[in-house]
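Q: heads up, no residue letters with this:
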Ligand SMILES: NC(=[NH2+])NCCC[C@H](N)C(=O)O
Ligand SMILES: O=C(O)CCC(=O)C(=O)O
Ligand SMILES: [Fe+2]
């Protein structure tokens, strides 16, 4: 994993850019701010921009950690009890704006109509009743490692997470694909379309009541179709010697009709299990996981439900919005229906 540590001077430079945005905007969801993000991101410190550029272009590493940006523990307010339940979006504006500007250096932030009310910046918080689900809002059960939204052809190239608080030091888990060792015939099988990935539950929880337009309903129908009539896909793609990967074993069908494929998936899973490591985010730290080159998950923890729970912000980033044009309302629209 790459680590970028901001110097005190660089942090001041970042805060100046963010302060300027805060004059005109109260939420990072404002489409006008998003339209300008790529431009304003060029005002961030040059070393940060160079490092993120290397990460994006040279694939120097499968994840990058950015440390040093401060979080104002009092100003951000209590951890929300549900997704998007933060009473005042301005309370985390500086942190989210910095996060979004960094994301803009890697590509275009986007959201899903079927997740967290179509917002671009998601909350990762433990939610009452979700403790044992395979969702970001779970707690007492581990989140099995996965590629984010592996079932979807337009899933993120990078998954960003920024820590607001993490008092019990709960670890995100992480394993890069370049650490796995597999026999050549196993790699061959993984490159073939012999695998089935179903949509995970985070796309099947109906959005906040109220914003259930026709488009959103159609979007849930599309996810339903991917669940009921999934197409067979390859787990590996790209370069034979440095493959990209696409898998979420928890939501993948066993393939008893194809024992060779089943064995290849088991072999890859065992390797990723073997190489999985902990990454404990501290307040202010941002990680961007290369969603084509690594899997991630999370260790279990006991939720507090006292306003001081673990709280991350999350954003999906694509290198190319155009490839999903058929699912978006306009060229610069960022929500996939
Ligand atoms: N193996 C899994 N648990 N996959 C689903 C991951 C969690 C999902 N992306 C969410 O936002 O809640
Ligand atoms: O909470 C974490 O550290 C990661 C959760 C996760 O997998 C996700 O939100 O996509
Ligand atoms: Fe995830």
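A: Sure, I can see it. In this text the structure is predicted, and so the values were computed from the model without any measurement. Ligands and ions are numbered 1, 2, ... in the order given.
Q: rest of the way, CA atoms for contacts and neighbours
A: OK.
Q: Below-threshold pLDDT in the stretch 201-337 of the chain: ranges please.
A: 206-212 (pLDDT under 70).
Q: Name the residues of stretch 144-157 that are buried.
A: In terms of neighbour count (16 or more other Cα atoms under 10 Å), stretch 144-157 has its buried residues at 144, 145, 146, 147, 148, 149, 150, 151, 154, 155, 156, 157.
Q: can you list the residues of this protein near ligand 2?
A: 124, 136, 148, 172, 296, 297, 298 (Cα under 6 Å from any ligand atom).
Q: Keep only those of those that are in helices.
A: Of the positions in these, not one sits in helices, assigned by DSSP state H.
Q: Please enumerate the strands of the stretch 101-250 of the chain.
A: For the stretch 101-250 of the chain, applying DSSP state E, counting those that start in this stretch gives strands covering 108-112, 121-124, 143-146, 158-165, 172-176, 236-239, 242-245.
Q: deepest of those strands, which one?
A: Across these, the average number of neighbours (mean count of other Cα atoms under 10 Å) peaks for strand 158-165, which reaches a mean of 26.
Q: Name every strand pairing with it and say which way it goes.
A: strand 286-290 (antiparallel), strand 311-318 (antiparallel) (DSSP bridges).
Q: give me the residue from the stretch 151-300 of the chain nearest ligand 1.
A: residue 202 (4.5 Å; Cα to the nearest ligand atom).
Q: residue ranges for the helices of the stretch 201-337 of the chain, please.
A: 214-228, 259-275 (DSSP state H, counting those that start in this stretch).
Q: and these as CSV, adding mean neighbour count?
A: Below are these laid out as CSV (neighbours: other Cα atoms under 10 Å):
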stretch, mean neighbour count
helix 214-228, 16
helix 259-275, 17
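Q: In TSV, list those along with distance to residue 34.
A: Below are the helices of the stretch 201-337 of the chain laid out as TSV (distance: least, Cα to Cα, whole Å):
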stretch	distance to residue 34
helix 214-228	22
helix 259-275	35
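Q: Can you say which of the ones you listed is nearest to residue 189?
A: Closest approach to residue 189 among the helices of the stretch 201-337 of the chain (Cα to Cα): helix 259-275, 6.3 Å.
Q: From the chain's centroid, how far away is the closest one?
A: 23 Å (Cα atoms, centre = their mean, to the nearest Å).
Q: before we move on, what about stretch 83-101?
A: 16 Å.
Q: Residue numbers of the stretch 101-250 of the chain in contact with ligand 1?
A: 134-136, 143-146, 148-149, 200, 202, 248, 250.
Q: Could you measure from the nearest residue to residue 92 once chain neighbours are set aside over to ligand 2?
A: Of all residues beyond its chain neighbours, the one nearest residue 92 is residue 76 (5.1 Å), with distances taken as Cα to Cα, 6 or more residues apart in numbering. Separation of residue 76 from ligand 2 (Cα to the nearest ligand atom, to the nearest Å): 18 Å.
Q: Now residue 76, what are its backbone angles?
A: phi -70, psi -20 (degrees, to the nearest 10).
Q: What's the local residue count around it?
A: 19 (other Cα atoms under 10 Å).
Q: Check residue 54 too.
A: 13.
Q: which residues touch it?
A: residue 60 (Cα atoms under 8 Å, 6 or more residues apart in numbering).
Q: Am I right that it falls within a strand?
A: No: going by DSSP: H, G, I helix; E, B strand; the rest coil, the assignment for residue 54 is helix, not a strand.
Q: Tell me how far it lies from ligand 2.
A: 24 Å.
Q: and what of residue 198?
A: On the measure of Cα to the nearest ligand atom, residue 198 and ligand 2 end up 16 Å apart.
Q: I'd say that residue and residue 227 touch.
A: Yes: if you go by Cα atoms under 8 Å, residue 198 and residue 227 touch, sitting 5.1 Å apart.
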